[in-house]
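Q: Quick one, what's the 3D model for this:
(one chain, ligands or ions: 2)
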Amino acid sequence: MTLSIHNYATLTDEECDALIVKAKAQLGERCVILGHHYQRNEVFKHADFSGDSLKLSKDAAQSTAEYIVFCGVHFMAEVADILSRPEQIAILPDLAAGCSMADMANLMKVQQSWNELAQVLDVENEVTPVTYINSAADLKAFCGEHGGIVCTSSNAQKILEWSFARREKVLFFPDQHLGRNTAYRMGIGLDEMVVWNFTKPMGGLTIEQIKNAKMILWDGFCSVHQMFKPEHIDNYLAQYPETKVIVHPECCFEVCQKADYVGSTEFILKTVRAAEAGTRWLVGTELNLVNRLSEECTDKNVQFMSPMLCMCSTMFRTDPQHLAWILDNLVAGHVVNQISVPEKDALLAKEALNAMLTVV
Ligand code: 13P
Ligand code: SF4
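A: Ligands and ions are numbered 1, 2, ... in the order given. Sure, this is the predicted structure:
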C-alpha cells in the first residue's frame, strides 16, 4: 500500500533527513535527485546534481537512473520527463510546486495571440515563437509545431540569434524581462520591442506597432524578481561604492541596466565564487541561493539586494517531509507524484528542446 504524506507531515526535518539518507542508500543508482539552486538547504543538501534550468535539463537527459526526482518546480520535472527515456520516471516531490510566471501564459492564450498576429503578419515565415523554459509542456510543443525553440536564462542570446537567423520577428513568452534584457544586449532598441497584453484584443497594439516590432514580448514576469528595484542598487552603492552588482535576467530592465553582471543562477554562482577575496557583491536573485552563496564565500561580502524577503514560495514547497515520503514509497515499490507529459505534446516539445540543446 502507498505510504501517505500525512505520516510524514508531522516528522521533524532531522527525522526526515535520516529517512532520506537511508532510502537513497537503498535505491542506489536507481534514483537520482536533481536540485535547483533555489531549493532550501534542507532539501538541496540531498541533491546528487544541482544547477540552473539548462544544466539540470542536460543532467536529466543524460541520466540513466530509473527515477529522476526533481527538487524544483513543475515545468522542470516536465522537461526531465520529455528528455529522459520512456521507461524512466520523473517525480516532483510536491505537485503544488509550480511557477507563477509559467502560469502567466497558457496554450489557449498563446494560440489566440498567434491567430491574431496571423491577421497582420505571415506568422509561419515572419515570426519565431520562443518560449522560456519556465513554461508548460504544451507551450514548448506549440514552439516545436511552429518552427520555434525553447531558451533558458543562460542561453537566451544564442537562442535569439538562432531565431532571428530564421525569421525577422520573435514572439517571446512568458517572461517579458528576459526577452527585453537579452534583445537589448544584442543591439535591438527598445523602440523595436512591444509588449503583448494578452488580456486585450491584438495584444492592445496597433497594426503599425506589430509590423514595426522585432520583439513581441508577452506581458509576463516573475513575482520574485520584480521585487528588486533600481533604488535598492542606488542606496547600497551610496554606502559601498566599490560593490559589484550581479542580477538574474528576470529582473526588470532598469535593474539589469544598473548591474555589472546579468546571468543565470549558475552564472551568478560561478562569477561570485571566482571573484577576488575581499570583494563586495550585491546579488539580485532568490534568497536561498544568496544565503547559501554568502555562507560559502566567507572571503567575500555577499549581500541580498532587497530589504524584503524575496523567496520563491513554490520552490520552497519542496520540503524534507515530501522528499522522504517520495523516496520511502520508491523503496516500497510505489511511484507517487509522477510527472508524465502526454505523448503528443512530449514529441513536439522535445523538438523545441532538442533545437535548444543543439544550439548550446
Ligand atoms: P535559472 O535557469 O537561472 O536557474 O532560472 C530559473 C528560474 O526559475 C529563475 O527564476
Ligand atoms: Fe518561477 Fe520566479 Fe520561482 Fe523562478 S523564481 S520558479 S520564475 S516564480
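
Q: what about the strands in this protein?
A: Along the chain, counting by DSSP state E, strands occupy 31-36, 49-51, 67-71, 89-91, 127-132, 149-151, 169-173, 193-196, 215-218, 244-247, 261-262, 280-284, 301-304, 338-339.

Q: List, one by one, the residues from the chain near ligand 1.
A: Contact residues, the chain versus ligand 1 (C-beta under 6 Å from any ligand atom): 37, 52-53, 134, 152-153, 222, 248, 250, 264-265. For every residue, glycine as well, the C-beta is placed using N, CA and C.

Q: Would you write a PyMOL line that selects the buried entries of these?
A: Command for PyMOL that selects the buried part of those, burial taken from 16 or more other C-beta atoms under 10 Å:
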select buried, resi 37+52+53+134+152+153+222+248+250+264+265
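
Q: circling back: among the strands of the chain, which comes closest to T358?
A: strand 149-151 (9.6 Å; C-beta to C-beta).

Q: If we ignore the residues flanking it in sequence, what's nearest the residue of the stretch 101-250 of the chain found nearest ligand 1?
A: Nearest to ligand 1, among the residues of the stretch 101-250 of the chain, is S153, at 4.0 Å (C-beta to the nearest ligand atom). In this structure, S153 finds its nearest non-sequential neighbour in S264, 4.1 Å apart by C-beta to C-beta, 6 or more residues apart in numbering.

Q: Just give me the neighbour total for S294.
A: S294 has 17 neighbours, counted by other C-beta atoms under 10 Å.

Q: how near is it to M202?
A: Look at S294 and M202: by C-beta to C-beta, to the nearest Å, they are 46 Å apart.

Q: so what's the residue nearest to S153 up against?
A: Neighbouring residues of S264 by C-beta atoms under 8 Å, 6 or more residues apart in numbering: 52-54, 152-154, 248-249.

Q: any idea of the mean pLDDT for stretch 90-104?
A: What stretch 90-104 shows for mean pLDDT is 98.

Q: Check stretch 116-134 too.
A: Mean per-residue pLDDT for stretch 116-134: 98.

Q: With stretch 237-252 instead?
A: Here the average pLDDT along stretch 237-252 is 98.

Q: what's the answer for stretch 46-58, then?
A: 96.

Q: Mind listing residues that contact it?
A: 20-21, 24, 32-37, 39, 44, 59, 70-72, 76, 79-80, 83, 133-134, 152-155, 264-267, 320, 323, 353, 357, 360.

Q: buried ones in it?
A: 46-47, 50-57.

Q: now swap in stretch 320-333 and tell me
A: So stretch 320-333, judged by 16+ other C-beta under 10 Å, has buried residues 320-331.

Q: Equivalent analysis for stretch 135-147, please.
A: Buried, per 16+ other C-beta under 10 Å, within stretch 135-147: 135-144, 146-147.

Q: what do you get for stretch 24-42?
A: 24, 27, 31-40, 42.

Q: Once you drop chain neighbours, what's closest to the residue nearest the centre of the chain?
A: Nearest residue to the geometric centre of the chain (C-alpha atoms, centre = their mean): N134, 4.6 Å. Take N134 and drop its neighbours on the chain: the residue closest to it by C-beta to C-beta, 6+ apart is A102, 4.7 Å away.

Q: close enough to count as contact, that neighbour and G72?
A: No - using C-beta atoms under 8 Å, A102 is not in contact with G72; the gap is 11.8 Å.

Q: Measure how buried the nearest residue to L83 once chain neighbours are set aside is and give me the count.
A: Once flanking residues are discounted, L83 sits nearest to A61: 4.0 Å by C-beta to C-beta, 6+ apart. The burial count assigned to A61 is 17, neighbours taken as other C-beta under 10 Å.

Q: does A61 really touch N354, like I thought?
A: No - with contact defined as C-beta under 8 Å, A61 and N354 do not form a contacting pair (9.2 Å).

Q: OK, contacts around A80?
A: Counting by C-beta under 8 Å, 6+ apart, A80 has contacts 34, 56-57, 60, 68, 70, 90, 339.

Q: How about the residue of the stretch 1-150 of the chain found nearest ligand 2, nearest residue that isn't a chain neighbour?
A: Residue nearest to ligand 2 within the stretch 1-150 of the chain: C99 (3.3 Å; C-beta to the nearest ligand atom). Closest residue to C99 apart from its sequence neighbours, by C-beta to C-beta, 6+ apart: V73 at 4.6 Å.

Q: What of C143?
A: A352 (4.1 Å).

Q: correct me, but that neighbour touches A137?
A: No - counting by C-beta under 8 Å, A352 stays clear of A137, with 9.9 Å between them.

Q: which residues do those two both contact?
A: By C-beta under 8 Å, 6+ apart, no residue touches both A352 and A137.
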